[in-house]
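Engineer: got a structure for you, letters missing:
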DNA sequence: TAAAAAGTTTAGATTACCCTAAAAAAATAA
DNA sequence: TTATTTTTTTAGGGTAATCTAAACTTTTTA
């Protein structure tokens, strides 16, 4: 069984390795987990002994199949709890993360299965992030242009047009791969969209831009 | 802020001092918490420094007003979570303790207020134990003879007749102060009761006995 | 009430996690 | 390609919670 701390490291490493097949570096983990590189080195050795990651000195860390499975059950728990907090307890979208961060460490497989059922087996959390099923698989959602997601919440997965000027524009307004967008409204006169990013900043996006951002619901 | 471990000690000390105004002894705590007396001594000093208990060497420990307040918020959380698990997730009465033992340590006052509201501000958990309100007060329930609690769940508070033979009989069938009884049925022909003790053992109790056991709903 | 037993505390280790400072390796720049 | 900078690891400690064994109090028993 994993400790609270080991679970946090593993989850973080999973998220950091999500984009790209490259090894995750010590400093990245330290930054993400708000700790010192020396502490990361210690923990990373422990996780390697337990076969949850492959660790090569000075090179970095890769998550193993077994580690991925563990990480996915933690993520499943996190997202189910977030869904519960918003849907059942009436929390706001932005208030749930810290509490879910604690709840994800509760150990009880039965609890999670019952919670899943109680929530009606949701496939995404309130941010639009997919919830893995009990075998660690998520439903692969089809990518659609943001322009087709009126009124919905969606996660940015890719861009069609990857010209520097477009990417620059996106980063300027705060849109990035993985961002959670809520498409609040479509303007009739020019088909521009009003969107909310990560439950916070609201911005307007032109028709052109909205057709070049690919999202999953 | 208290650690997970400090919370467990405090809650245990609260429960042990519940019956009687005597000091709680090191060995009692060690027994209850499944640890060694030496460890208890260490922790008890820490809690005393934080003014949660009064500790006198070789004599024992008494919980302070401040300690009581802390203990009651933990107990409130525990009992609200137990109620949630049974009422909303469909757990059985007997399955909830271990999970609630974990959930009671989640830190978020807002979560607890929202959970309380979601559950309809219950005044007792599924075992019949009263749930303190957010100021640590519980509704003082009136004591009634068990004979008047047909179909209900109730906690044993006292006995009217305290003859040794009656007490002996009670302990033999498994009824004790604090036990949680569910009165399943009343037999028509002799007014005896079928009861379930702590969600486990089912026994029959005579009319005489049922009139001499005082309970709160 | 003195001796034995029971209960409690202290001393000294252990484990998990984290830290700082210094050493070592890898990446970058001149 | 050597020197400099950056990154990572090692060495050595610190704190929280636990333990065993030995020392010390208190209670019980004879």
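Structural biologist: Done, it's in. This one's a predicted model, so the numbers in the text were calculated from it and none came from an experiment.

Engineer: how near is residue A:68 to residue A:11?
Structural biologist: The gap separating residue A:68 from residue A:11 is 11 Å, by Cβ to Cβ, to the nearest Å. Every C-beta, even on glycine, is put in place using the N, C-alpha and C of the backbone.

Engineer: the more surrounded of those two?
Structural biologist: Legend: neighbour count by other Cβ atoms under 10 Å in any protein chain shown for residue A:68 and residue A:11, higher for residue A:11 (22 against 17).

Engineer: Dihedrals phi and psi, that one?
Structural biologist: phi -60, psi -40 (degrees, to the nearest 10).

Engineer: dump the residue contacts of the closest residue to it other than its chain neighbours.
Structural biologist: Among residues not flanking residue A:11 along the chain, residue A:74 sits closest, at 4.9 Å (Cβ to Cβ, 6 or more residues apart in numbering or on different chains). Shown in contact with residue A:74 (Cβ atoms under 8 Å, 6 or more residues apart in numbering or on different chains): A:7, A:10-11, A:104-105.

Engineer: One more pass at 6 Å, please.
Structural biologist: Residue A:74 is in contact with A:7, A:11, A:104, counting by Cβ atoms under 6 Å, 6 or more residues apart in numbering or on different chains.

Engineer: quick one: pLDDT of it?
Structural biologist: On pLDDT, residue A:74 comes in at 98.

Engineer: does it sit in a helix, a strand or a coil?
Structural biologist: The three-state label given to residue A:74 by DSSP: H, G, I helix; E, B strand; the rest coil is helix.

Engineer: Settle this for me: residue A:76 is touching residue A:130, isn't it.
Structural biologist: No. Contact status for residue A:76 versus residue A:130: not in contact, 9.9 Å apart, counting by Cβ atoms under 6 Å.

Engineer: returning to what we had before: out of the contacts of residue A:74, which comes closest to residue B:46?
Structural biologist: Nearest to residue B:46 among the contacts of residue A:74, counting by Cβ to Cβ, is residue A:7 at 26.5 Å.

Engineer: Who are the contact partners of that closest one?
Structural biologist: Here residue A:7 is in contact with A:74, A:105 (Cβ under 6 Å, 6+ apart).

Engineer: quick one: it from residue A:39, how far?
Structural biologist: In terms of Cβ to Cβ, residue A:7 sits 16 Å off from residue A:39.

Engineer: next one: residue A:116
Structural biologist: For residue A:116, the distance to residue A:39 - Cβ to Cβ - is 34 Å.

Engineer: out of the two, which sits in the more crowded spot?
Structural biologist: Using other Cβ under 10 Å as the criterion, residue A:116 and residue A:39 rank with residue A:116 on top: 19 against 15.

Engineer: Look up which helix or strand the more buried one falls in, please.
Structural biologist: Here residue A:116, judged by DSSP states H and E, is contained in helix A:109-118.

Engineer: what's that helix packed up against?
Structural biologist: If you count contacts as 3 or more Cβ pairs under 6 Å, 6 or more residues apart in numbering or on different chains; DSSP states H and E, helix A:109-118 packs onto helix A:65-87.

Engineer: Next, the buried residues of the helix it packs on.
Structural biologist: A:67-68, A:70-86 (16 or more other Cβ atoms under 10 Å in any protein chain shown).

Engineer: wait, what's in contact with the residue positioned nearest the centre of chain A?
Structural biologist: Of all residues in chain A, the one closest to the mean position by Cα atoms, centre = their mean is residue A:129, 5.8 Å from it. Contacts for residue A:129 (Cβ under 6 Å, 6+ apart) come out as residue A:79.

Engineer: can you check residue A:52 too?
Structural biologist: By Cβ under 6 Å, 6+ apart, residue A:52 lies in contact with A:10, A:66-67.

Engineer: do you know how far the closest residue to residue A:99 other than its chain neighbours is from residue B:69?
Structural biologist: Of all residues not flanking residue A:99 in the chain, residue B:108 sits nearest, at 4.8 Å (Cβ to Cβ, 6+ apart). Applying Cβ to Cβ, one obtains 18 Å for the distance of residue B:108 from residue B:69.

Engineer: Phi and psi next, for the residue lying closest to residue A:79 once chain neighbours are set aside.
Structural biologist: Excluding its sequence neighbours, the residue lying closest to residue A:79 (Cβ to Cβ, 6+ apart) is residue A:125, at 3.8 Å. When read as degrees, to the nearest 10, the backbone of residue A:125 gives phi -90, psi 180.

Engineer: Make sure residue A:125 is actually in contact with residue A:82.
Structural biologist: Yes. The criterion here is Cβ under 6 Å, and residue A:125 meets it with residue A:82 at 4.7 Å.

Engineer: where does chain A have low pLDDT?
Structural biologist: In the predicted model, chain A carries pLDDT under 70 at residues A:19, A:162, A:164.

Engineer: Helices of that one, residue ranges please.
Structural biologist: Ranges of helices in chain A, per DSSP state H, are A:4-18, A:26-33, A:37-49, A:65-87, A:97-103, A:109-118, A:164-173, A:207-212.

Engineer: Point out the most buried one among these.
Structural biologist: Most buried of the helices of chain A, by mean neighbour count (mean count of other Cβ atoms under 10 Å in any protein chain shown): helix A:65-87, with a mean of 20.
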